[in-house]
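In: Model the following, please.
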Amino acid sequence: MRKLIILRGNSGSGKTTIAKELQNRFGANTMCISQDVIRRDILKVKDGENTLALPLMKELLLYGNRNSEIVILEGIMYADWYQPLFELAVQLYGTEIYAYYFDLPFEETLKRHQTKPNCHEFGEETMRRWWREKDFSDVLKEVCITEEKDRERIVADICDTVLGW
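Out: So this is what the prediction gives:
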């Protein structure tokens, strides 16, 4: 049965790191859809309500559902702006959605951002502008990931839940 893992949260919370680790762990036929790659690298568009990234992300979600055993969808993806994507996810995957919201304090995301290769591209002021406190989705049943868990524990917990390892 096809499965969808959704990783959402503020900038610098660790979503991309976890998504890459999960993709490596799950191996072949695991598709990762990164909001930043779609928006920044492929389309070169800004995020926002009705962003041009949304239709492509929906198409990639459809493709992943048809062709991949596991799809990982990751990004900030504000709950209101990306609700149509989440509604499509529910239509496609039903109960096989494993949604996680990275609920970390701003200070922790700022500290983690400093360790990223792109830390020079934007700083604290921009991250504060992007910040949304507890931006939970009304569509997804999200499990909170807090700063108490390290990368290895998060990956292990998601693998245990998704595959029963």
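In: Now do the helix or strand Leu73 falls within: which elements does it pack against?
Out: Following DSSP states H and E, one finds Leu73 within strand 70-75. In terms of contacts (3 or more CB pairs under 8 Å, 6 or more residues apart in numbering; DSSP states H and E), strand 70-75 is packed against strand 3-9, helix 15-26, strand 30-34, helix 35-36, helix 53-67. Backbone N, C-alpha and C define where each C-beta goes, glycine included.
In: looking just at contacts, which helices and strands does the fourth one meet?
Out: Counting by 3+ CB pairs under 8 Å, 6+ apart, the packing neighbours recorded for helix 35-36 are strand 70-75.
In: Can you give the contact residues for the strand it packs on?
Out: 2-8, 15-16, 18-19, 22-23, 26, 29-36, 39, 57, 61, 64-65, 85, 89, 162 (CB atoms under 8 Å, 6 or more residues apart in numbering).
In: who does that strand pair up with?
Out: Take DSSP bridges as the rule and strand 70-75 pairs in its sheet with strand 3-9 (parallel), strand 30-34 (parallel).
In: Between the ones you listed, which one is closest to Met77.
Out: Among these, strand 3-9 comes nearest to Met77, with 5.1 Å by CB to CB.
In: could you dump the closest one to CSV, C-alpha only?
Out: Taking C-alpha atoms only, strand 3-9 is exported to CSV below (Å, rounded to 0.1, in the frame of the first residue of the first chain):
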residue,chain,number,x,y,z
LYS,A,3,2.2,5.8,1.9
LEU,A,4,2.6,9.6,2.2
ILE,A,5,4.8,11.2,4.8
ILE,A,6,4.3,15.0,5.3
LEU,A,7,6.9,17.1,7.2
ARG,A,8,5.9,20.7,7.9
GLY,A,9,7.1,23.5,10.1
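In: between it and helix 53-67, how many degrees?
Out: The directions of strand 3-9 and helix 53-67 differ by 150 degrees, with axes from the mean of the first three to the mean of the last three CA atoms, to 10 degrees as the criterion.
In: how about low-confidence regions in the chain?
Out: Low-confidence segments of the chain (pLDDT under 70): 112-114, 119, 123, 165.
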